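Visitor: Here is the input, now give the coordinates:
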Amino acid sequence: MANMQTLDPTASPLDYYGWELRRQREAHGLKQGQLGEIIFCTGSLIGQIETTKKVPTRDFSERVDAALGTDGLFSRLIGLVLRSQLPHWFQPYAEMEAKAAYIFTYQAQLVYGLLQTEEYARAVLATGLPDDLERLVAARMERQRILEREQPPLAWAVLDEAVLHRPIGGREVMRGQLARLLEFTDHRWMRIQVLPFRSGEHTSLDGAFNLLRFDSDPDIIYTEDLISGHMTANPETIREAARRYAHLQATALSVEDSAALITRVMEERYGDQPQPGERTVA
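Guide: From the prediction side, this is the model:
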């Protein structure tokens, strides 16, 4: 186990969190096991978080704040900690996404990260064979908190119909994911359109992209390749992306018709009826 005395609180948000947790605990005269009893966890978990062996959760942070009377300190720190657990190449985009006033995304293969359920996100992230899957899932769920702000970004997602049919995580996971999409049907800040198969060729056959707009900063286009992400504010690229997105929106189903298609796929493809190859009980 790492020696807490040598842990550098300036090394990372996670290091600072662990260092501060121990400092606050000791200031209250509590041993690890005693604090664990108060917030309903083990003293071992407290020690692992203090020495950065485990990444804390938001629930853990809120309970620590309540137990130690730290005025929301750990609840504020946890956002920084979880964002720092995102892949290094993705962190710059996540920071810009959190600042955006408008988010426009076209997704050809997967549900956009801000709209994913925890189960869907876990299935997607597991494909990369990560060392700590739960850490990545927690970080992705933390990203979604920007949609819960009092003034969230205005977001618009165009999803290829293929996204609805690809069975990520299995039938139950997909049913839950499509139900999650339907929750946004009447949402004030989020709109979802489906680009149907019958559209055939379209302006973004070469892949997904995100367009971020800000109140006072230049627009940004974000794309990904096999192992990294790329952002650019090049004006010509921005104009081309805006043109493509306008065509995608015009070609896609309306928000209402998109919801109807999502509902139909959810019931017909991921409903309770037996699927091909499944055995039924008489």
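
Visitor: so who does the nearest residue to residue 244 once chain neighbours are set aside touch?
Guide: Spatial nearest neighbour of residue 244, chain neighbours left out: residue 203 (4.3 Å); criterion: Cβ to Cβ, 6 or more residues apart in numbering. For every residue, glycine as well, the C-beta is placed using N, CA and C. Residues near residue 203 by Cβ atoms under 8 Å, 6 or more residues apart in numbering: 243-244, 247-248.

Visitor: Look up how far residue 246 lies from residue 203.
Guide: From residue 203 over to residue 246 the distance is 9 Å, taken as Cβ to Cβ, to the nearest Å.

Visitor: Kindly report the same for residue 43.
Guide: Distance, residue 43 to residue 246, by Cβ to Cβ: 57 Å.

Visitor: What of residue 54?
Guide: Counting by Cβ to Cβ, the gap from residue 54 to residue 246 is 46 Å.

Visitor: more crowded one of those two?
Guide: Shown here are residue 54 and residue 246; by other Cβ atoms under 10 Å, residue 54 has more neighbours (19 against 12).

Visitor: where's the more buried one, which helix or strand?
Guide: For residue 54, there is no helix or strand it lies in under DSSP states H and E.

Visitor: sec struct for the residue most central in space within the chain, please.
Guide: For the chain, the residue sitting closest to the mean C-alpha position, by Cα atoms, centre = their mean, is residue 140 at 3.1 Å. Here residue 140 is recorded as helix under DSSP: H, G, I helix; E, B strand; the rest coil.

Visitor: That one against residue 117, yeah?
Guide: No - contact between residue 140 and residue 117 fails when scored by Cβ atoms under 8 Å: they sit 10.4 Å apart.

Visitor: my guess is residue 219 meets residue 232, correct?
Guide: No - Residue 219 is not in contact with residue 232 according to Cβ under 8 Å; the separation is 9.7 Å.

Visitor: Sweet, I'm off.
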